[in-house]
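1. This is the structure alone, sequence omitted:
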DNA sequence: GCATTTTACGCAAACGGTTGCGTGAAAATT
DNA sequence: AATTTTCACGCAACCGTTTGCGTAAAATGC
């Protein structure tokens, strides 16, 4: 346990005060040139490095931000994390990670833990289960700013970056219509999810914008289990007049749908076309591709959220600063075509 | 910027000294019961919480560990991270993340940054590029222990947990032999990778243990690019006497191989069988499965590595403790059959 | 040559909590 | 009743660095 050299050590060697050393190391103008040089020379010799813990303590900052998100096994979130990391590095921050694993209690524990460790700010993408936000509101007391991204609370006056699914969906549905599709179904998620309600609403408006009528029989939902997914797609292909195209809740659901459709003897992209919400980067390896995916820009969302967070952190650091208004941004999604070549 | 309550605040209110408050809050026996109660009551009333930064500073600990790994977009590493998180939570630590993205310079920067932030220890899975370890040796000076997992340095006297591929490979090759395969090829990685040399060696010994001879013509390699992967598999299927089974470097390579084999009109698992090293959890959705994968237990490796790290950290904390010998463990890989049912 | 400004540095407090040691008063022992 | 022990608490240093303020000495002005 050999101690690391401190500024005291340098002071002792040079017979100057610690304050002089401290200033000399930071090139403070009120320290003479020769002294400054001598201090810096000795500092280098004995391998001095500032003890950030001391500074953090003094400044009441830790120079680390927390990011809590559902699961890094989802490519969307691991891409998002990279966005956070890059922004953090640019701001000389480091990143404390917490995976909520879609578990509300775990999310609460993680936030609590991050608060205890006095992170300077927190980025969050919510659990599917999360519908109360007390554990975040609570952070105000500690002056810990929070920015949400992608999975954001249904609430005003919060800082967030999210993705507008409408633009991508409109592109997709317009594309389908231009290809002659008239019955475009929807396999939605569980009713309790905010994402589900949102998708339905956007789906409806996109149909309208293409002069198509909303037909309830081609709107089904899945609980996101494999069985649920299969049930949903079967319901659609069993109809007298099946939809020729289907918007699917996400790529995982789509994988099951494609398998089911094939098993039923139908051909993907000729008998039935799919559009999904992109979260898997594996389509290039698959035999059957969806027509398109709706890209939600994980990296852009998270890095912009991180920028917001640093803005809030830095603003709080300047003494008389007035509180910033809520920082909010919505990124347009985009359709990405896969099958166009064939 | 309203200040958080401190122990001074409590002391003032109760007209006792801060030391008494400090002790009362931790139920120190030398403080009278009534005083203790009064202190704790006031503490609760004003919502006091310890400032960990202060303690961290005093104890010269940050109660956070760093984990640096190639990329969380690989399911192997995101599973590994979950193992680290769970172990960290059990030990009241938090986890600072850094993705090296297979970039040596970035790995160095991350380690440097973690050192600056005085993490109590670091877990590492190396970049493919990494072949020098000075940036880790350097951490000794700061008493920051390091434990490697999965991708470990080729070096003695280090702490590590890794996975022995031999056991899984032996199971797989034995299985293939029992199914009648006699020519079992290998698509290996780039020569410069340590993993490549290791796989070749194990492949050779497993053949030997099954009384098969090593044939150079059915050992090919890929640079892991798509083109390289295709070239490798084509080389094998173009042989007069193609192998009936192939051990493949990893799942990404395998995806290309399967596509190529199909395109060539061959049937997977009848004309040619594959065994790969598991890193993708997506096989359940694929049309063509490999016969088996060799499971390397990301979660187990990383959580054991984390345990090692905490052992080292805690050992360093007790004053007269002698240094621990290198903590090392090798987990046996296992074959996981996919195709057995069909 | 004396008053004034500037230069270069030191002192000490502060950040929040922990802890070894000291001490007066109460309790126990003889 | 005198002595010893126990109890309950306070004092002060410490962790490493920053920073406002004070001040000798040097430089400048007249």
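-> Yep, it's here. What you see is a predicted model, and the numbers here were worked out from it, not measured in a lab. Residues are numbered from 1 along each chain as shown, chains lettered A, B, ... in the order given.

2. rest of the way, CA atoms for contacts and neighbours
-> Noted.

3. Now do residue A:231 against DNA strand C, distance only.
-> 56 Å (Cα to the nearest atom of the strand, to the nearest Å).

4. Leaving out chain neighbours, which residue sits closest to that residue?
-> residue A:222 (7.6 Å; Cα to Cα, 6 or more residues apart in numbering or on different chains).

5. I'd say the one you found and residue A:234 touch.
-> No - contact criterion Cα atoms under 8 Å: residue A:222 and residue A:234 do not qualify, at 11.3 Å.

6. count of neighbours near the closest residue to residue A:193 other than its chain neighbours?
-> The shortest distance from residue A:193 to any non-neighbouring residue, by Cα to Cα, 6+ apart, is to residue A:128 (6.7 Å). Using other Cα atoms under 10 Å in any protein chain shown, residue A:128 has 17 neighbouring residues.

7. how about residue A:128, what does it touch?
-> Shown in contact with residue A:128 (Cα atoms under 8 Å, 6 or more residues apart in numbering or on different chains): A:102, A:103, A:193.

8. ranges for the helices of chain A?
-> Using DSSP state H, the helices of chain A run over A:7-14, A:18-25, A:33-45, A:52-59, A:75-90, A:104-116, A:134-137, A:165-178, A:194-209, A:226-237, A:251-263, A:298-317.

9. For residue B:172, which of these is the nearest?
-> helix A:251-263 (28.1 Å; Cα to Cα).

10. Looking at whichever residue of the stretch 101-250 of chain A sits closest to chain B now. What's its pLDDT?
-> Per Cα to the nearest Cα, residue A:117 is where the stretch 101-250 of chain A lies closest to chain B, at 6.4 Å. Reading off the confidence values, residue A:117 has pLDDT 87.

11. wait, it sits on residue B:52?
-> Yes - under the criterion of Cα under 8 Å, residue A:117 makes contact with residue B:52 at 6.4 Å.

12. For the two, indicate the residue with more neighbours.
-> Shown here are residue A:117 and residue B:52; by other Cα under 10 Å, residue A:117 has more neighbours (22 against 16).

13. which residues sit in contact with the more buried one?
-> B:52, B:53.

14. mind checking how far it is from residue A:184?
-> 50 Å (Cα to Cα, to the nearest Å).

15. same question, residue A:118
-> Residue A:118 is 50 Å from residue A:184, by Cα to Cα.

16. The two: which is more packed in?
-> More crowded of residue A:118 and residue A:184, by other Cα under 10 Å: residue A:184, with 25 against 22.

17. what's the burial count for the residue lying closest to residue A:114 once chain neighbours are set aside?
-> Spatial nearest neighbour of residue A:114, excluding adjacent residues (Cα to Cα, 6+ apart): residue A:66 at 6.5 Å. The local packing of residue A:66 (other Cα under 10 Å) involves 28 other residues.

18. got a pLDDT number for residue A:66?
-> 97.

19. thought it was touching residue A:121?
-> Yes - Residue A:66 is within contact range of residue A:121, at 6.4 Å (criterion: Cα under 8 Å).

20. for chain B, what are the nearby residues on the stretch 51-200 of chain A?
-> A:51-54, A:56-57, A:60, A:62, A:72-75, A:78-79, A:82, A:85, A:94-99, A:113-114, A:116-118, A:142-143 (Cα under 8 Å from any Cα of the partner chain).

21. Taking these, please make a ChimeraX selection of just the buried ones.
-> Selection of buried members from those for ChimeraX, criterion 16 or more other Cα atoms under 10 Å in any protein chain shown:
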select /A:51,52,53,54,56,57,60,62,72,73,74,75,78,79,82,85,94,95,96,97,98,99,113,114,117,118,142,143
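
22. Within reach of DNA strand C, which of the residues of the stretch 51-200 of chain A next to chain B are there?
-> A:54, A:57 (Cα under 7 Å from any atom of the strand).

23. on that earlier part again, tabulate the helices of chain A in TSV, adding columns for distance to residue B:260.
-> Shown next, in TSV, are those (distance: least, Cα to Cα, whole Å):
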stretch	distance to residue B:260
helix A:7-14	64
helix A:18-25	62
helix A:33-45	59
helix A:52-59	55
helix A:75-90	25
helix A:104-116	44
helix A:134-137	51
helix A:165-178	31
helix A:194-209	38
helix A:226-237	29
helix A:251-263	21
helix A:298-317	31
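
24. count of neighbours near residue A:15?
-> 10.

25. pLDDT value on it, please?
-> Predicted confidence (pLDDT) for residue A:15: 93.

26. Could you tell me the phi and psi values at it?
-> Dihedral pair for residue A:15: phi 60, psi 40, per degrees, to the nearest 10.

27. Next one: it relative to residue A:39, how far apart?
-> Distance from residue A:15 to residue A:39, by Cα to Cα: 10 Å.

28. Repeat that for residue A:24.
-> Taking Cα to Cα, one finds residue A:24 at 6 Å from residue A:39.

29. Please apply the same query to residue A:300.
-> Taking Cα to Cα, one finds residue A:300 at 44 Å from residue A:39.

30. Tabulate the contacts of residue A:128 (JSON lines), appending pLDDT and neighbour count.
-> Below are the contacts of residue A:128 laid out as JSON lines (pLDDT from 0 to 100; neighbours: other Cα atoms under 10 Å in any protein chain shown):
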{"residue": "A:102", "pLDDT": "95", "neighbour count": "16"}
{"residue": "A:103", "pLDDT": "96", "neighbour count": "15"}
{"residue": "A:193", "pLDDT": "83", "neighbour count": "14"}
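
31. out of these, who's nearest DNA strand C?
-> residue A:103 (30.8 Å; Cα to the nearest atom of the strand).

32. Ramachandran coordinates for the residue nearest to the closest one when sequence neighbours are not counted?
-> Spatial nearest neighbour of residue A:103, excluding adjacent residues (Cα to Cα, 6+ apart): residue A:127 at 6.3 Å. Torsion angles at residue A:127 (phi, psi; degrees, to the nearest 10) stand at phi -60, psi 150.

33. how close does residue A:127 get to DNA strand D?
-> For residue A:127 relative to DNA strand D (Cα to the nearest atom of the strand), the value is 39 Å.

34. For that residue, which residues are in contact?
-> Counted by Cα under 8 Å, 6+ apart, residue A:127 has contacts A:69, A:70, A:100, A:101, A:102, A:103, A:104, A:107, A:151.

35. Just among those residues, which is most surrounded?
-> Going by other Cα under 10 Å, residue A:69 tops the contacts of residue A:127 with 27 neighbours.
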